[in-house]
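Asks: kindly return the folded structure for what I paste below:
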Amino acid sequence: MKRIVKLLILSDFFIFSGLGLISPILAIFIKENLVGGSIAAAGIASMIFILTKSILQPTLAYIAQPKHVKAMLIGGTGLMVVVPIIYFFATHVHHIYLASFVYGLATATAYPPWFRLFTRNITKGREGLEWSIYSSVEGFGSAATAYIGAFLAEKFGFYAVFLIVASMVFLGFLTVIFIFLETKTKEAPKTKKSKAKTKEAKARAK
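Replies: This is a model prediction of the structure:
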C-alpha cells in the first residue's frame, strides 16, 4: 500500500471518528440545549447534510479539474473543522442546520478529489483489498466513537466533546496538508533531474 493511500485513510479516520463522536449525542443536545430544539430537529439536520452532499458532490466532481484537486481537498477538509466549532457556539436550532449545511458542502468539496487521489494511487491488482482496509478502518473508528461520544458527553458535558471533535478533525486536516507537502518534496528532485536530462539531450543534439 502506497504511503499516500495510508495518509488518506488516516486523515479520514481522524475526521470521521471525530465527527462520529457527535452522532450519538446530537438529538439530546438539540432537544435539551437549544432554542427551538426537538428530536425532530435532529432528523432535519441529518436531512440537510445528506441533501447538500448528494446535490453538490456530483456537480463539483464534474466541474473539478486535476489542477483543482489540492485546493478542493484542502478547502473541503478545512471547512469540516468549522462544523464542531459551530456546534460549540450554537444557541438556536438554526445554528445546527447551518452546521449541517456546512458539513454537506465540505464533504461534497473534499470527496471528489479524495476519491481521485485514492483511486490513482491504489496498488494495481489489490484494489478490493485496499478499499476494504479503508472501509474497515472507518468502521472500527465509527464503532468506537458510537460509545465513546456518549460516555464523554455524560462524563464531561457536550462542549468538551465538541472541543475534542474539533481537535480530531484538525488533525485530519493537518494530515491532508502533509500529503501535499510530502508530494511536493518528492517531486522537486525529479524536476531538477528532468531539467538536467533535457539540457544534456540538447547538448548532444548540437
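
Asks: average pLDDT across stretch 62-70?
Replies: Per-residue pLDDT over stretch 62-70 has a mean of 80.

Asks: that one: how far from the chain's middle?
Replies: Centre-to-centre, stretch 62-70 and its host chain are 17 Å apart (C-alpha atoms, centre = their mean, to the nearest Å).

Asks: that one: which residues count as buried?
Replies: 64, 69, 70 (16 or more other C-beta atoms under 10 Å). All C-beta spots, glycine's among them, are computed from the backbone N, C-alpha and C.

Asks: check what pLDDT the closest residue to the first one other than its chain neighbours gets.
Replies: Nearest non-adjacent residue to residue 64, counting by C-beta to C-beta, 6 or more residues apart in numbering: residue 112, 5.4 Å away. Per-residue pLDDT puts residue 112 at 90.

Asks: dump the residue contacts of the residue nearest the centre of the chain.
Replies: Central residue of the chain (C-alpha atoms, centre = their mean): residue 77, 4.7 Å from the mean position. Residue 77 makes contacts with 11, 15, 106, 110, 172, 173, 176, as judged by C-beta atoms under 8 Å, 6 or more residues apart in numbering.

Asks: where does the protein dip in pLDDT?
Replies: 183-206 (pLDDT under 70).

Asks: let's go with 50 and repeat that
Replies: Applying pLDDT under 50 to the chain flags residues 191.

Asks: how about the helices in it?
Replies: Under the criterion DSSP state H, helices of the chain are mapped to 3-20, 26-33, 39-63, 69-89, 93-121, 127-156, 158-205.

Asks: now stretch 19-26, how far from the chain's geometric center?
Replies: A distance of 16 Å separates the centroid of the chain from that of stretch 19-26, by C-alpha atoms, centre = their mean.

Asks: re the thing from before, so which of the buried residues of stretch 62-70 is the closest to residue 96?
Replies: The nearest member of those to residue 96, counting by C-beta to C-beta, is residue 64 at 28.8 Å.

Asks: so the residue nearest to the centre of the chain versus residue 88, what's the distance?
Replies: 19 Å (C-beta to C-beta, to the nearest Å).

Asks: likewise residue 147?
Replies: Residue 147 sits 22 Å away from residue 88, going by C-beta to C-beta.

Asks: these two: which is more packed in?
Replies: It is residue 88, of residue 147 and residue 88, that has more neighbours when counted by other C-beta atoms under 10 Å, with 17 against 11.

Asks: neighbours of the residue nearest to the more buried one when sequence neighbours are not counted, how many?
Replies: With sequence-adjacent residues excluded and distances taken as C-beta to C-beta, 6+ apart, residue 88 is closest to residue 162, at 4.2 Å. By other C-beta under 10 Å, 23 other residues sit near residue 162.

Asks: doesn't residue 22 make contact with residue 162?
Replies: Yes - judged on C-beta atoms under 8 Å, residue 162 makes contact with residue 22 at a distance of 7.5 Å.
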